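Q: Based on what follows, work out the 3D shape:
(chains A and B)
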Protein chains: 2
Amino acid sequence: MMSDASQVIEVLGIRAKSAAQKMRLMETKHKDAALKIAARLLREDMDDVLAANALDMKAADEHNLEAALKDRLALNPERVEAMAQGLEEIAALPDPVGAISDLVYRPSGIQVGHMRVPLGVIGIIYESRPNVTADAAALCLKSGNAAILRGGSEAIHSNQAIALILRQALKEAGVPEDAVQLINQTDRALVGALLAADEYVDVLIPRGGKSLVSRVSQDAKVPVIKHLDGICHVYIDKDADREMAVDIALNAKTHRYGVCNAMETLLVHQDAMDCLPVIIKRLLDKGVEVRGCDKTQALHQHVLAANEEDWGTEYLAPVLSIRVVDDLEQAIVHIEQYSSAHTETIVTANYDAGQLFLRQVDSSSVMWNASTRFADGFEYGLGAEIGISTDRLHVRGPVGLEGLTTQKWIVLGHGEVRG
Amino acid sequence: MMSDASQVIEVLGIRAKSAAQKMRLMETKHKDAALKIAARLLREDMDDVLAANALDMKAADEHNLEAALKDRLALNPERVEAMAQGLEEIAALPDPVGAISDLVYRPSGIQVGHMRVPLGVIGIIYESRPNVTADAAALCLKSGNAAILRGGSEAIHSNQAIALILRQALKEAGVPEDAVQLINQTDRALVGALLAADEYVDVLIPRGGKSLVSRVSQDAKVPVIKHLDGICHVYIDKDADREMAVDIALNAKTHRYGVCNAMETLLVHQDAMDCLPVIIKRLLDKGVEVRGCDKTQALHQHVLAANEEDWGTEYLAPVLSIRVVDDLEQAIVHIEQYSSAHTETIVTANYDAGQLFLRQVDSSSVMWNASTRFADGFEYGLGAEIGISTDRLHVRGPVGLEGLTTQKWIVLGHGEVRG
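A: Below you'll find the predicted structure:
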C-alpha cells in the first residue's frame, strides 16, 4: 500500500508529467509572456506577498529562529521587486530548446545532429529563501521543463503566495499551470516521497546547506544535480606577477566571505613568499583571521597555526589558511588531496605552469590569472544560474538554462536503409 | 567492519583512482601506442587466449549452458583478430581529451570556455562476451579514464587472458597498468561492493541483458549510464512516399531481429493503409509473425490479433505488431505511451508533420525518412560505441568516446578581480 505522502507526490507527478509533455513544444513567446506577466503580478500583488511573508516572520519569531535564517526569510518591497526583475531577465534570455547543432552528412546519406530538449520534470528542494520559488520556477519554465517545488516549511506562506502568482501568470499566458507546482504541505515525509519518485521526476536539484544536499543525494532514487563544498584554492607560482597575485588573493578571499567561490586556502611557491607579507598584512587589516604553515607563521606574529583540519575546511567566513609549497607539483598534489573540485586558480606568467595547471587540476572551474570569485553563472554569460554543480556527470560548475536541458539525436533521411 | 568484498573493491578502487590521475594528462601517442601494442599481442598470443577460452567452453559444457550463451562466449581466430582490429580502430580515433571549445571574452575581460576531461574511474559490468573486455577497456583508455572490468563468471579465463595482454601493453607503452583492472574473482558479492563504491568509481556502465541492467541501476550508489529496452516505432504518415515507407519498414524490422534498434511496432496512418498489404506480405514471406489491430487483421488472414501487451513488448525476434492510427497525433500519443524512448522514425514528405514529430517525440534518436537501424555509434560517426544510453542525463543514445568524458570550465585572465 502506498503511503499518504507517496500518493500526494504521485498526483503532483502525474500532473507535472502531463504539463512537461506540453512544455516540450511550448513556443518561446508564450513562455516569455508567462514570465513577464508573473513579474507584473508580483508588483501588482506585492501586498499579498508581503502579508504572507509577515505570517512566516511571525511564526519565525515564535519559534525563535536565528537571525541569519530570519534575514534569508524576510521579504520587503525591494526584494519582491528584485524577484520581478529576475523573471524579466530570464524572459530576455535566448530559448535553448529545439536548437539543432552539429548536423552533418554521413557516408550513408543520412544527416545526423543533436537537438536540445528539456529534461522533463525537475524537483527543486530548497530552504528558507522565498525568492528561490520564483527563480527556480522561471529557469525550469524557460527551459521547457515542469517544476515541482519544495521550499522550507518556515517559508510556506511566502512560497504559496509566490506560487499562486506564478500559476496565475501561466494561466493568463496559455501555458499549463501545472508546469509550476508547489508542495503545499510541510510534512517531511513528502520530501522522502519526492526523492523516491523516479517514475515522475527526471532530476532533483537541492539548493541549500550541506546537510540538505547530503541528505538528498544520499537518499534519492532520482538523479541529483548537486552542489557540495567550495574549498577553493589560489596558487601563487614563482613566476607570478606579484601585484596581480596580491590583488587576486585579496579579492578571492575578501570580496565576499560567505560564498562558495571564495578562496579558503592560499598556496604560495616558496620562491614567491616575498608577496606574502603584504597579503597577510592586508588580510589582517580587513579583520581576516590568518592561519598558516610554519613558514607562513614565521612571517607575522598574528598568523595562527593551521592544522590538518584547516586544509579541508570550507570556512565561509573571514578566515584563511596559507601554505608555502616547494613547487607547482606540490601545489597540485595539495589541491588533489583537499580541494572540493569547485574552483581553483593559478597566478603565473609562466606558460608551461599555467598550461599544466589547466590540464591537471580536475575542478569544475580552473582559472589562470583570475579571481575564483568569477565562478558564477552571470560572470560566465549564462544569464542566470540555478546553482553550481560539483558533480562530474551531465553538468559541472555554474548551471544555467542549458544545464536544465539534454540533447537527443536527430536523423534526417531521404529513405535510407541499412544494407 | 568492511566485508571482504568491499576490501577487494577498495584496493582496486585506490589503484584505479591513482591511475586515473595519471591518465588525465596522458599524451595521445602513449594511449594509442598501448592500444596498438595490445592489438599486436592479441595476435601474437592468440594461442593463450584461445586456450583460456577453451577452459571456459569446457566449463560451459559441464554446466550445460544454453547454445546462444555458448556462442557469445566462444572465441576463434577470427574473433580474436576482430578484437585486435577493434583496438586499432579506437587508436585511430581523435582524442577527445583536452579539447577546448566556446572560449569567449566576457565583459569583465576574462575568457571563459570548456575543456573536455575524462570522467575518471569507469566500472563496466558485462556478461558472457569476452570481446567486451578489450572493447570497453580500449574506449575507457582512449578517453583518458581508468577502467574496472567485471565480466561474466562463465568467461573468467578468457577475460583474464585478454586483461593480461592489455596490462602488458600498457606497461610496454609506459601507461599505468592499473588503468585496466579486471575483477579476478567470480564472487557475486564483489558486484554489490562495486555498485556501492561511489568513493572510487565515477560511473558504472552495465552491458548486457535487461535483468543485469535493472539490477545495476536499482542498487548502484554510483551514477549509472544504462541501456534498457528498445521498443522502437516506425510511423508511416498519410503523406509518406509509399515505396520509401515499405523499404524503411522492412529494413527496420528484418535487417536484424535481435538488436535494440529494430522496429517492434509499426504505426500506419489510416489514409496510408494502402501500403500495408505489400508490407504484410513481404514480412510473412520472410517468416515474420505479424500481429495487428482490427483494421490490420482485416487485411490478411495470417495476421494475428495484437493485444495490449504487444504494444509494450520488445520482441527482439521476427515478430511485429502493427496498428492503424487516425492521425499523426494519435501516433505520437501511442509512442509516448508505449515507447522505451530509444528510437522512433516518421516516414513523410510533409514538412509540418516531420517537424512536429522531430520536436514532439522524446526519444534518444528521432528520425525522419530513415530506418531505425541507423541508431548506432558507427553510423552516427562516433567511430565506436560503448553502448546506447536510454537515460536522459549526461548522454543519450549511442555513447562513444565523448560520452566517457565531461567538461570543466576554464577561465583565462590577466589579473581580473571582481568589483
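Q: Please enumerate the strands of the stretch 251-400 of chain A.
A: A:263-269, A:289-292, A:304-305, A:319-325, A:343-347, A:365-370, A:387-389, A:397-399 (DSSP state E, counting those that start in this stretch).
Q: by contact count, what packs against the shortest one?
A: With contacts taken as 3 or more Cβ pairs under 8 Å, 6 or more residues apart in numbering or on different chains; DSSP states H and E, strand A:304-305 sits against strand A:289-292. C-betas here are computed from N, CA, C, even on glycine.
Q: if we can go back for a sec, need the winner for burial among the strands of the stretch 251-400 of chain A.
A: Mean neighbours per residue, mean count of other Cβ atoms under 10 Å in any protein chain shown, is largest over the strands of the stretch 251-400 of chain A for strand A:343-347, with a mean of 31.
Q: Let me have the strands of the stretch 251-400 of chain A in CSV, adding mean pLDDT as columns.
A: Output for these, formatted as CSV (pLDDT from 0 to 100):
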stretch, mean pLDDT
strand A:263-269, 98
strand A:289-292, 98
strand A:304-305, 98
strand A:319-325, 98
strand A:343-347, 98
strand A:365-370, 98
strand A:387-389, 92
strand A:397-399, 96
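Q: could you redo those as a markdown table and give each row distance to B:Asp71?
A: Compiled in a markdown table, these are given as follows (distance: least, Cβ to Cβ, whole Å):
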| stretch | distance to B:Asp71 |
| --- | --- |
| strand A:263-269 | 57 |
| strand A:289-292 | 65 |
| strand A:304-305 | 67 |
| strand A:319-325 | 58 |
| strand A:343-347 | 51 |
| strand A:365-370 | 48 |
| strand A:387-389 | 44 |
| strand A:397-399 | 46 |
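Q: To B:His394, which of those strands lies closest?
A: Evaluated over the strands of the stretch 251-400 of chain A, closeness to B:His394 peaks at strand A:387-389, with 11.5 Å, by Cβ to Cβ.
Q: The closest one: partners in the sheet, and parallel or antiparallel?
A: Taking DSSP bridges as the criterion, strand A:387-389 forms sheet pairs with strand A:397-399 (antiparallel).
Q: Output the helix or strand following the strand it pairs with as PDB, nothing but the C-alphas.
A: Sequence-wise, the next helix or strand downstream of strand A:397-399 (DSSP states H and E) is strand A:405-416. C-alpha atoms of strand A:405-416 as PDB (Å, rounded to 0.1, in the frame of the first residue of the first chain):
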ATOM      1  CA  THR A 405      18.200  20.500 -20.900                       C
ATOM      2  CA  THR A 406      19.600  17.500 -22.600                       C
ATOM      3  CA  GLN A 407      20.200  16.600 -26.200                       C
ATOM      4  CA  LYS A 408      18.600  13.900 -28.400                       C
ATOM      5  CA  TRP A 409      19.900  12.700 -31.700                       C
ATOM      6  CA  ILE A 410      18.000  13.700 -34.800                       C
ATOM      7  CA  VAL A 411      18.400  11.900 -38.200                       C
ATOM      8  CA  LEU A 412      17.100  13.400 -41.400                       C
ATOM      9  CA  GLY A 413      17.000  10.900 -44.200                       C
ATOM     10  CA  HIS A 414      15.700  10.500 -47.700                       C
ATOM     11  CA  GLY A 415      14.600   6.900 -47.500                       C
ATOM     12  CA  GLU A 416      18.000   5.500 -46.400                       C
END
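Q: Give me the angle between strand A:405-416 and strand B:365-370.
A: Interaxial angle, strand A:405-416 versus strand B:365-370 (axes from the mean of the first three to the mean of the last three Cα atoms, to 10 degrees): 20 degrees.
Q: Thanks again, I'm all set now.
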